[in-house]
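Student: dropping a prediction and its sequence here:
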Amino acid sequence: MKIKHIILITISTLILLTCCIIGYNKYFDSSIKIGANGFVNKKNLIVYYSTENMDKIAQNLHSKIGGDIIKLEPVVAYPQDKEKYIERLKTEKRSKKPILIKNIPNVEDYDLIFVGTPIELYTLSPIIKSFLKEPELSGKIVLPFISYEYSGGARNILEFKKILGKNTTVKNGLIIQKDGGNSLSTRITMWLNSIKFTRRELKNMK
Ligand SMILES: Cc1cc2nc3c(=O)[nH]c(=O)nc-3n(C[C@H](O)[C@H](O)[C@H](O)COP(=O)(O)O)c2cc1C
């Protein structure tokens, strides 16, 4: 009888211990195993603009975090010709009018909004600036990522903060030169880890 009891208690303890270890690992796993729509019911949206390089960056990010992805397009398409494109950017930079966006997403459906932009004429792309002025972004978590060639950096992340204001949380941004080359994927993973884009942290992100 006594031996039976001891065996029963030992087996129960072993089962309990195994369950605890499995549960702990599941909850505190900090690696980025990302499928659809992020973790713990937070819904991700990637919004970006690109003429080329940012496409690659946004797609790589999407392959890691899942969720929805949208490339913003202006109602009046940008010219293909480089000189005309620069002229248009200059006009938009001077103007106070928001750019009309053809495919603006309903951000109310999402909790985490990754926003990707190239640096154009020392600042964020005008279409992204217009998007950041959407009042519905208030109270959300915005995760900026930028592509630059020669002058982009932390001050461009500050632009995000300035436009979005105090009610929106802006996480540390990812700054990539051109399309990031061979280290793109690693850089993105490192960034996600650095902003604690993990199961555990997402719960407490705000
Ligand atoms: C019209 C124009 C203006 C640019 N201005 C800047 C700039 O001020 N600073 C910078 O670092 N890169 C600048 N770039 C380089 C882009 O930021 C860089 O090539 C980026 O990867 C472009 O992303 P995309 O190919 O997705 O549009 C400019 C590029 C263009 C076409």
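Tutor: Alright, I've got the coordinates.

Student: how does the protein divide into domains?
Tutor: The record assigns the chain these domain ranges, following automatic domain parsing: 1-30, 32-203.

Student: poorly predicted segments of the chain, please.
Tutor: 1, 17-42, 198-206 (pLDDT under 70).

Student: who in it is up against the ligand?
Tutor: 50-54, 86, 89, 118-122, 147-152, 178 (CB under 6 Å from any ligand atom). All C-beta spots, glycine's among them, are computed from the backbone N, C-alpha and C.

Student: one step back: pick the most deeply packed of the domains of the chain.
Tutor: The highest average neighbour count among those, using mean count of other CB atoms under 10 Å, belongs to domain 32-203 at a mean of 17.

Student: can you give me the strands in the protein?
Tutor: With DSSP state E as the criterion, the chain has strands at 44-48, 68-71, 112-120, 123-124, 141-148, 169-170, 174-177.

Student: so N53 sits against D179, correct?
Tutor: Yes - the pair N53 / D179 is scored as a contact, 4.0 Å apart, by CB atoms under 8 Å.

Student: need the overlap of contacts for those two.
Tutor: S147 (CB atoms under 8 Å, 6 or more residues apart in numbering).

Student: quick one: the residue nearest to the spatial centre of the chain and I146, what's the gap?
Tutor: The chain has F114 as the residue nearest its centroid, 2.8 Å off, counting by CA atoms, centre = their mean. For F114, the distance to I146 equals 11 Å [CB to CB, to the nearest Å].

Student: also I113?
Tutor: Taken as CB to CB, the span from I113 to I146 is 15 Å.

Student: could you do I46 as well?
Tutor: 14 Å.

Student: shared neighbours, the two?
Tutor: Joint contacts of I46 and I146 (CB under 8 Å, 6+ apart) are G116.

Student: residue contacts, K93?
Tutor: L121, T123, P126 are the contacts of K93 under CB under 8 Å, 6+ apart.

Student: what is the distance between stretch 47-59 and the centre of its chain?
Tutor: Relative to its chain's centre, stretch 47-59 lies at 12 Å (CA atoms, centre = their mean, to the nearest Å).
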